[in-house]
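A.B. asks: Structure, please.
(chains A and B)
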Amino acid sequence: MNGINVVELTIVVILFLLVTVMGFAASRWRSAQNLMHLDEWGLGGRSFGTWITWFLLGGDLYTAYTFVAVPALMFGAGAAGFFAVPYTIVIYPLVFLVVIRLWSVSHVRGFVTPADFVRSRFDSPTMALLVAITGIVATMPYIALQLVGISAVLKSMGFNGTGLAGELPLIIAFLILALYTYNSGLRAPALIAFVKDGLIYLTIIVAVIVIPSKLGGWAGIFGAAQTKFSANGGPGVILPATGQLGYATLALGSALALFLYPHSITGVLAASNRDVLKRNMSALPIYSLALGFIALLGFMAIAAGTKPIGTDGNTIVPNLFQEMFPSWFTGIAFSAIAIGALVPAAIMSIAAANLFTRNVYKEFLKKDATPEQEARVAKITSLVVKLGAVAAILFINPQFSIDLQLIGGVIILQTLPSVALGLYTRWMHRGALVAGWATGMVVGLWMLYEIPKLDPATKAVVKAHFGGSAYALSKLGFDTKATIYPGIVSLLVNLLVVIVITMILRAMKVSDGVDGTAETDYTAEREDPTVRDLPDPLASAPPGLAGEASARR
Amino acid sequence: MAAPPRGTASTPPGAPPTEGVAPRRSDRSPWNWLLLVPIVLPLIVPLYNATDPLLGSWPRFYWLQLAFVPLGVITTALVYRMTRRSEGERRAAQDAIARDTSARDASARDRER
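C.D. replies: Here you go, the predicted structure:
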């Protein structure tokens, strides 16, 4: 393992140690009552104000993988990779009114997971189980991909060893993360998010000033990309006419999916009141602006002639930093990516653990579990989930996780009718929701399976199945070269099935159960007598069973 | 001022509805329609799928899409301001947070003893 950059490694290790100390210390701040606002860290209060929520949700939604993969996509595929910008613009006005209803009903009824809501709203443990399993399956590969971000940084620093020795730094990093998440729960990522975002913004601002000046300005950057992508009659730095529908549907589909992920919902529920969420829907797009500049790092790498390590396109950004920055600043930039992976990975593992404990373990495996047993199961599950992610990256080709994450976006969309539309109407029948989910899953998976990956230059098939998110409409018999995102198509099929089956079941007068929520729940404000605290997902037992302990007096 | 009684607060999930206890409110407002603007515009790809006009050597595809970010911020901020609750109601929410925080501190102190 020669050729390790000592300066970079030292800075990364120092910042990593700092974050580790913060992660463990986070648990102690809860009981310290008089230290300014430190009690706010305790999720037991769910009292995250505007600033903390902004950092927490920002750290949660804009992951390290995004920061590495989006520029890699721009580097390899050009303008199509910029979809991340409209995607993260559309999302906030889209969910502006939805998340506050979810916040209110969850705080009145004590829901911690989206599946809790579905179970109560539609009186359907089956649909709740489907929502929980979908959430876990969609989240697991997402956690694994955070490791891909860290490993890209490690490779660039010179850790090229193969086998266990080469992967050791990755294992250590995730083990430490697993331990302090186990110890501190959601307080740890909330605290670390401040460091992560500070480092990310610092890196981006410096990169946007330094790199273009070294490369002869933006004209040279866009010029180099134009040259690369107009070879062989390509469209240059814009989309080909046939790619426009795919671009818009991918942006919309990804936006609809993001707040259905359990980890986003965990972040939303941690807010102290509805106004905090509304303000954040205005303030979070600042991250999208940063993401736009990060995406353009891919074009800067083209202009700089950066080469990835081997065939790993994700090393493009780390390598570009190494070529452009002095070692000490590269170390800071690398820390930003590595620490950026820890925050979402921690929140995702907590969200997955909650889903398993509340909607699988308690519902089906051990109905009479004590609160202590539930808390223990949740904490152990969060460990298992993270170790599973490490194992997935070490023992299975990382490409498998990337494929699964692509699938994850499509399958999580199938929970939209029950989770998101359910916040507005109970017209949909529980049986129809199950049928719609199943149909949407089949259609979505089949379409993804049918997408081959083509070599951008030669148009030869590199990979026969799960090769991307652009489904050729010609396969459905349309006379066009345009493509579409399978998530949108499968969601439309899902909705159609839900509508038709609901009408049939209603005509047959099949019972649709009892609504466990009331209309006023959805607009409840913080000061209402019905609103109560939700418990810390890890430090205490899930609510419902522990009703007395979790409720406010 | 003494905190109001919180008899219904510990209602477990699935218990009888809270109708009659909680005030009736509505999320509806004509201002909400404004939210459609930053949802629809960024999805009309032909609007920005071109190189010209350049803005300081940035092709339209890039600068126009980034310009939608402030559009989204302004629209959501405007809707928030226009549908915001009264000063008194917002203060009531802040009081509720403070009250819960101090209650939690008190119970934390009790646990430590």
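A.B. asks: Averaged pLDDT, stretch A:186-198. What do you get?
C.D. replies: Averaging pLDDT along stretch A:186-198 gives 82.
A.B. asks: no wait, stretch B:52-71
C.D. replies: pLDDT averaged over stretch B:52-71 gives 91.
A.B. asks: Pretty sure residue A:215 sits against residue A:301.
C.D. replies: No: assessed by Cβ atoms under 8 Å, residue A:215 is found out of contact with residue A:301, at 9.9 Å. To be clear about C-beta, it is placed using only N, CA and C from the backbone, and glycine gets the same treatment.
A.B. asks: Quickly find the element holding residue 70.
C.D. replies: No chain in the question, so chain A it is. Using DSSP states H and E, residue A:70 sits in helix A:64-77.
A.B. asks: Switch to chain B, please.
C.D. replies: helix B:60-82.
A.B. asks: now do residue B:98
C.D. replies: Short version: residue B:98 belongs to helix B:87-112, going by DSSP H and E.
A.B. asks: The closest residue to chain B within the stretch 251-400 of chain A sits in which helix or strand?
C.D. replies: Nearest residue of the stretch 251-400 of chain A to chain B: residue A:282, at 4.2 Å (Cβ to the nearest Cβ). Element membership for residue A:282 (DSSP H and E) is helix A:274-283.
A.B. asks: coming back round to it: and chain A, is the helix holding residue B:70 touching that?
C.D. replies: Yes: using Cβ under 8 Å from any Cβ of the partner chain, we find that helix B:60-82 touches chain A at B:61-62, B:65-66, B:68-69, B:71-73, B:75-77, B:79-80.
A.B. asks: now for that helix, which elements pack on it?
C.D. replies: Under the contact criterion of 3 or more Cβ pairs under 8 Å, 6 or more residues apart in numbering or on different chains; DSSP states H and E, helix B:60-82 touches helix A:84-109, helix A:274-283, helix A:285-304, helix B:36-40.
A.B. asks: dump the residue contacts of residue A:295.
C.D. replies: By Cβ atoms under 8 Å, 6 or more residues apart in numbering or on different chains, the contact list for residue A:295 reads A:70, A:71, A:74, A:81, A:82, A:84, A:85.
A.B. asks: Out of those, give me the two with the largest separation.
C.D. replies: The span of those, defined through Cβ to Cβ, is set by A:71 and A:85 at 12.3 Å.
A.B. asks: picking up where we left off before, ok, residue A:215 and residue A:301, which is more surrounded?
C.D. replies: Counting neighbours by other Cβ atoms under 10 Å in any protein chain shown for residue A:215 and for residue A:301 shows that residue A:301 has the greater number, 28 against 20.
A.B. asks: Now the more buried one: closest residue in space, sequence neighbours ignored.
C.D. replies: residue A:320 (4.5 Å; Cβ to Cβ, 6 or more residues apart in numbering or on different chains).
A.B. asks: give me the element that neighbour is part of.
C.D. replies: helix A:316-324.
A.B. asks: swap in residue A:245?
C.D. replies: Element membership for residue A:245 (DSSP H and E) is helix A:244-258.
A.B. asks: relative to helix B:60-82, how tilted is that helix?
C.D. replies: 40 degrees (axes from the mean of the first three to the mean of the last three Cα atoms, to 10 degrees).
A.B. asks: Pull the distance from the next helix or strand after helix A:244-258 to the chain's centre.
C.D. replies: For helix A:244-258, the following helix or strand on the C-terminal side (DSSP H and E) is helix A:262-269. Relative to its parent chain, helix A:262-269 has a centroid offset of 10 Å by Cα atoms, centre = their mean, to the nearest Å.
A.B. asks: picking up where we left off before, do you know which of the helices and strands packed on helix B:60-82 lies nearest residue A:15?
C.D. replies: Shortest separation from residue A:15 across the helices and strands packed on helix B:60-82 is recorded for helix A:285-304, at 19.3 Å, computed as Cβ to Cβ.
A.B. asks: List the buried residues of the closest one.
C.D. replies: For helix A:285-304, the buried set under the neighbour-count rule, 16 or more other Cβ atoms under 10 Å in any protein chain shown, comprises A:285, A:287-304.
A.B. asks: so where is the stretch 451-553 of chain A shaky, pLDDT-wise?
C.D. replies: A:456-458, A:533-553 (pLDDT under 70).
A.B. asks: So which residues make contact with stretch A:424-431?
C.D. replies: Stretch A:424-431 is contacted from outside by A:101, A:121-124, A:126-127, A:417-418, A:421-422, A:498, A:501-502, A:505-506, A:510, A:512-513, A:515, using Cβ under 8 Å, 6+ apart.
A.B. asks: Keep only those of the residues you listed that are in helices.
C.D. replies: A:101, A:121, A:122, A:126, A:127, A:417, A:418, A:498, A:501, A:502, A:505, A:506 (DSSP state H).
A.B. asks: Mind giving me the PyMOL select for those, buried ones only?
C.D. replies: With 16+ other Cβ under 10 Å as the criterion, this PyMOL line picks the buried residues out of the ones in helices among the contacts of stretch A:424-431:
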select buried, chain A and resi 101+121+122+127+417+418+498+501+502+505
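A.B. asks: Closest one to chain B out of the ones in helices among the contacts of stretch A:424-431, please.
C.D. replies: Closest to chain B, out of all of these and judged by Cβ to the nearest Cβ, is residue A:101, at 6.9 Å.
A.B. asks: Could you report the pLDDT at that closest one?
C.D. replies: pLDDT at residue A:101 comes out at 92.
A.B. asks: so who does it touch?
C.D. replies: By Cβ under 8 Å, 6+ apart, the contact list for residue A:101 reads A:423, A:424, A:522, A:523, B:27.
A.B. asks: quick one on the thing from earlier: could you flag which of the contacts of residue A:295 are buried?
C.D. replies: For these, buried by 16+ other Cβ under 10 Å: A:70, A:71, A:74, A:81, A:82, A:84, A:85.
A.B. asks: returning to what we had before: which secondary structure elements does the helix holding residue A:245 contact?
C.D. replies: Taking 3+ Cβ pairs under 8 Å, 6+ apart as the contact cut, helix A:244-258 packs with helix A:84-109, helix A:398-413, strand A:483-484, helix A:486-507.
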